[in-house]
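A.B. asks: structure for this input, please:
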Amino acid sequence: MKKQNAFKAWNLLILSLPKGIIAFVVAIAGICVSLPLAILWIGLPMLALTFALCRGFMEQEEQQVSRWMRGSDPKHSITDHSAALKSEGSSFFSLLKEGRSYRSILYSLVQLPIGIAAFTIAVVLPITAFAVMLAPLAYKISESFFSYELDAFEWVNYPLFTELTSYERSWVAAGVGLVLVLLLPLILRGFGRLYAAWIQAVSHA
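C.D. replies: The predicted structure follows:
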């Protein structure tokens, strides 16, 4: 097994939000429209179509996660998936009998809050790490252009570094930021594995 790519993990976390929004809207709209029409029978094909769309979203995400976990890009997964769908029959109502279809609805509903959390982590972590690492530059810009002396992290450092100036403390902060930047790939892969565990759990439950 190849080592998972940190950038692809970041990409998975970033894209989880728009995918979650689309899946959530399709699931809610499809269920709300098809269930009231089920008494007229037309709602059943619409419900099955909703299941099919949500199942497609879930299985596509499952394939993306599997590729990232393997560190490869296998071509057979999409082909096997298409063959499996054909072997199940073309009836809409066959989707209504399968547990995987209902798990896809669960995925579509829960993916939105998980996507919000994953997107937030993927955006906030790199920005915070690089911002802290650039603390000395921020200090100089603030002092030179705004005549304001930054005294960042004083409450954190007390009683440590009490003899250091504000500028010297900014270099301490930069060291912390550098450590965070160096650890970013490891952290992103860790969150990527957590996200992958969610996708695999809901798709194989």
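A.B. asks: could you count how many residues lie near residue 139?
C.D. replies: For residue 139, the neighbour count with other CB atoms under 10 Å is 24. Bear in mind the C-beta positions are built from the backbone N, C-alpha and C, glycine included.
A.B. asks: where does it land on pLDDT?
C.D. replies: The per-residue pLDDT reported for residue 139 equals 73.
A.B. asks: nearest spatial neighbour of it, skipping sequence neighbours?
C.D. replies: Closest residue to residue 139 apart from its sequence neighbours, by CB to CB, 6 or more residues apart in numbering: residue 170 at 4.4 Å.
A.B. asks: how about the spatially closest residue to residue 106 that is not a sequence neighbour, what does it touch?
C.D. replies: Spatial nearest neighbour of residue 106, excluding adjacent residues (CB to CB, 6+ apart): residue 202 at 6.1 Å. The neighbourhood of residue 202, defined by CB atoms under 8 Å, 6 or more residues apart in numbering, consists of 58, 103, 106, 107, 110.
A.B. asks: tell me which element the third one falls in.
C.D. replies: Using DSSP states H and E, the element containing residue 106 is helix 99-133.
A.B. asks: which SSE is immediately downstream of that helix?
C.D. replies: Using DSSP H and E, the helix or strand that follows helix 99-133 in sequence is helix 135-146.
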